[in-house]
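Chemist: Pasting the sequence and the predicted model now:
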Amino acid sequence: MNCRICKKEIKDGTLCNKCLKSLDDELMTIEERSQRNEMVKSEHDRHLAIGSLMVIIGIIGLFVGIIISPLFVVAICLIVFGAIYFLIGFFKNTSFCPACQRKKCLEDISRDLIGEFQTTIRERRKIERTRHEGGRVVGGYPETYEMEVDAPAVERHYRITYKCNKCGYIGTREESETVKI
């Protein structure tokens, strides 16, 4: 089978990888856009995995690099490039319309609160003690220490309705957030 645009021989589908990446959404069929979106999602996952792996290897290299100084520079470079690679994958837009498979066309219409629950979150607080041993002041400076405590919070669940600007498809998704009170 050949690509319908550049006539290059391909194994499956109607477009080669080069044409899938370069063509505009309007020139592609729904199946072709779906194939392109699967390719984008796998590329997104690869960016996250490789970036994470580079950062982990870089951190291990830092500990080894303390002993061997030339390895220290390599470890720093691995951490920086790994973080960049990870962030590219993290911020890459992978939202597609389920109906027409176009990208960057979904717009939130409404956000409805469907549930709210009381909960707690763990947080670190600084605590100052100026008095102990029966109320006597000890020294001129307060004693400070950090302690993890459960802080009251609210967990809110939302149903978000969105619409595709291209085909008019309307769908819903659910999100939740936890907010400290």
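Modeler: Arrived safely, thanks for sending.
Chemist: for this structure, what are the low-confidence residue spans?
Modeler: 93-94, 129-143 (pLDDT under 70).
Chemist: Kindly report the domain assignment for it.
Modeler: Listed domain ranges for the chain are 17-91, 106-132+141-180 (source: automatic domain parsing).
Chemist: got the residue ranges for the strands in the protein?
Modeler: Ranges of strands in the chain, per DSSP state E, are 106-129, 131-132, 136-137, 143-164, 170-180.
Chemist: Can you point out the buried residues in the longest one?
Modeler: So the one you mean is strand 106-129. L106 (16 or more other Cβ atoms under 10 Å). From N, CA and C alone the C-beta is placed, and that goes for glycine too.
Chemist: ok, the closest residue to G171 other than its chain neighbours - how many residues close by?
Modeler: Once flanking residues are discounted, G171 sits nearest to Y162: 5.8 Å by Cβ to Cβ, 6 or more residues apart in numbering. Close neighbours of Y162, defined as other Cβ atoms under 10 Å, add up to 18.
Chemist: and what of the one 3 residues further on?
Modeler: The local packing count at N165 equals 12, with neighbours defined by other Cβ under 10 Å.
Chemist: tell me the phi and psi of it?
Modeler: Backbone torsions of N165, given as degrees, to the nearest 10, read phi -70, psi -20.
Chemist: show me the contacts for it.
Modeler: With contacts taken as Cβ atoms under 8 Å, 6 or more residues apart in numbering, N165 has the following neighbours: 105-107.
Chemist: Next, count neighbours for the residue lying closest to S52 once chain neighbours are set aside.
Modeler: Computed as Cβ to Cβ, 6+ apart, the closest residue to S52 that is not its neighbour in sequence is F86, at 5.9 Å. A count of neighbours around F86, defined by other Cβ under 10 Å, yields 19.
Chemist: wait, what's in contact with F86?
Modeler: Here F86 is in contact with 47-48, 51-52, 54-55 (Cβ under 8 Å, 6+ apart).
Chemist: What spatial separation is found between it and H44?
Modeler: Distance of F86 to H44, given as Cβ to Cβ, to the nearest Å: 11 Å.
Chemist: E148 now?
Modeler: To H44, E148 is 35 Å away according to Cβ to Cβ.
Chemist: The two: which is more packed in?
Modeler: When E148 and H44 are compared for neighbours, H44 comes out ahead with 17 against 9, by other Cβ under 10 Å.
Chemist: Does the more buried one touch K92 like I think?
Modeler: Yes: assessed by Cβ atoms under 8 Å, H44 is found in contact with K92 at 5.2 Å.
Chemist: This completes my enquiry, with thanks.
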